[in-house]
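Asks: Quick one: sequence and predicted model below, then my questions.
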Amino acid sequence: MSDAVQPIDPATLSRKQKLAIIYRHEHRDYKGKAGPQWGKHAGEKTIMVNENGGSVLTLLETLSDEQIADKLPYALKLEAKRLAKAAAEKAGKQ
């Protein structure tokens, strides 16, 4: 069995899947849940993004296509490693 990490083609992923992968691999200091001050959005996932030269907390669901394209390559690299590790562990148990 090969330990090579297989790349993930972003074209095969839906927007929802891309956001889930980005959120999973964002450092915990830069993500969280919206607090009560967010009103009806309280409890929704938030993430830090760079906007106009500064860091801004925004709802994950409102990331622009450009912001997703910026964060996705790194997140996909980590996701491919995570999947390869899980597959290797599964193969080792058999």
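Replies: Now that the structure is in, tell me what you want to look at.

Asks: Endpoints of stretch 55-72, how far apart?
Replies: End-to-end distance for stretch 55-72, by CA to CA, to the nearest Å: 18 Å.

Asks: remind me which residues of the chain are low pLDDT?
Replies: Applying pLDDT under 70 to the chain flags residues 1-4, 94.

Asks: all helices for it, in order.
Replies: Taking DSSP state H to define them, one finds helices in the chain at 15-25, 65-93.

Asks: ranking these by burial, who's on top?
Replies: Neighbour counts (mean count of other CB atoms under 10 Å) averaged over each of the helices of the chain peak at helix 15-25, with a mean of 16. C-betas here are computed from N, CA, C, even on glycine.

Asks: how about the CA coordinates for that one, as PDB?
Replies: The C-alpha trace of helix 15-25 is given here as PDB (Å, rounded to 0.1, in the frame of the first residue of the first chain):
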ATOM      1  CA  ARG A  15     -19.300  25.000  -1.600                       C
ATOM      2  CA  LYS A  16     -20.600  23.400   1.600                       C
ATOM      3  CA  GLN A  17     -17.800  20.800   1.500                       C
ATOM      4  CA  LYS A  18     -15.100  23.400   0.900                       C
ATOM      5  CA  LEU A  19     -16.300  25.400   3.800                       C
ATOM      6  CA  ALA A  20     -16.300  22.400   6.100                       C
ATOM      7  CA  ILE A  21     -12.800  21.500   5.100                       C
ATOM      8  CA  ILE A  22     -11.600  25.100   5.600                       C
ATOM      9  CA  TYR A  23     -13.200  25.200   9.000                       C
ATOM     10  CA  ARG A  24     -11.800  21.800  10.100                       C
ATOM     11  CA  HIS A  25      -8.300  22.900   9.300                       C
END
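
Asks: tell me the angle it makes with helix 65-93.
Replies: Relative orientation of helix 15-25 and helix 65-93, computed by axes from the mean of the first three to the mean of the last three CA atoms, to 10 degrees: 70 degrees.

Asks: Show me what helix 15-25 packs onto, helices and strands only.
Replies: strand 45-51, helix 65-93 (3 or more CB pairs under 8 Å, 6 or more residues apart in numbering; DSSP states H and E).
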